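Engineer: give me the fold of what follows.
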Amino acid sequence: MSTVIKKLDAGSYQLKDQVVAINRVTKVVKGGKNLSFAALVVVGDPSAAVVGYGSGKAKEVPQAIRKGIESAKKNLMRVNLTHTSIPHTVQGKFGSGMVLLKPAPEGTGVIAGGAVRAVMTSAGIQNVLTKSIGTTNPHNVIKATFDALKQLKNRSDVAVLRGKAVEEL
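Structural biologist: Numbering: from 1, shown residues only. Coordinates of the predicted model:
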């Protein structure tokens with residue numbers, strides 16, 4: 001069974017951007033040092049459960065952020081939610097980064113560290129428990145979080161796979 005991922009149109013959502021990390025990079029050249037900035041940005045529409053990430057590089061911080069936002073808008077994805085939390089426990093991996101996401105009851109809030117928190121709030125997930133294991137590199141942590149979010153299944157899909165009614169689950 002192959003799933004076709006259709007591209008989401010960024011213009012149809014009220015996207016809010018959040019800068020996760022800004023890195024100052026210097027390149028040593030013959031004439032001295034060239035300074036540039038790399039920005040890691042997460043964009044999302046909490047009401048539509050849509051989220052994406054991107055990174056941009058430029059000589060100045062605002063241009064790097066703008067490029068990061070444009071890049072993030074190109075890889076938006078929809079997240080399967082149940083009311084205000086996620087449907088089931090899931091674990092995402094990328095490189096040496098591993099992120100564990102657990103559903104939480106109403107009123108718990110987002111229990112998450114920096115990079116994971118940015119993704120959760122941008123996706124509109126209000127109650128979730130998370131644990132980031134392994135690397136603290138924000139790039140790898142965000143990619144591991146997106147890997148976990150891609151693994152989320154909604155109840156109707158699972159019911160069809162098991163050949164049962166949604167009420168039986």
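Engineer: centroid-nearest residue for this structure?
Structural biologist: residue 119 (4.1 Å; CA atoms, centre = their mean).
Engineer: which residues are contacting the helix or strand encompassing that residue?
Structural biologist: Following DSSP states H and E, one finds residue 119 within helix 114-123. Here helix 114-123 makes contact (CB atoms under 8 Å, 6 or more residues apart in numbering) with 16, 18, 20-21, 42-44, 46, 49-51, 53, 79, 81, 99, 110, 112, 128, 130, 132, 138, 141-142, 145-146, 149. (C-beta placed from N, C-alpha, C; glycine too.)
Engineer: among these, which are in strands?
Structural biologist: Of the contacts of helix 114-123, the ones assigned to strands by DSSP state E are 16, 18, 20-21, 42-44, 50-51, 53, 99, 110, 128, 130, 132.
Engineer: quick one: low-confidence parts of this protein?
Structural biologist: Scanning the chain for pLDDT under 70 picks out the ranges 1-7, 166-169.
Engineer: domain map for this protein?
Structural biologist: 13-77, 80-168 (automatic domain parsing).
Engineer: endpoint to endpoint, the first one covers what distance?
Structural biologist: Domain 13-77 has its terminal residues 12 Å apart, counting by CA to CA, to the nearest Å.
Engineer: all helices for the chain, in order.
Structural biologist: Residue ranges of the helices in the chain, as given by DSSP state H, are 61-74, 114-123, 138-150, 155-162.
Engineer: picking that back up, give the buried residues for the helix holding residue 119.
Structural biologist: Residues 115-123 are the ones in helix 114-123 that count as buried (16 or more other CB atoms under 10 Å).
Engineer: pretty sure residue 55 sits against residue 25.
Structural biologist: No - here residue 55 lies out of contact with residue 25, judged by CB atoms under 8 Å, at a distance of 11.8 Å.
Engineer: so which of these two has more stuff around it?
Structural biologist: residue 55 (19 against 11; other CB atoms under 10 Å).
Engineer: list the contacts for that one?
Structural biologist: Counted by CB under 8 Å, 6+ apart, residue 55 has contacts 38-41, 68, 71, 139.
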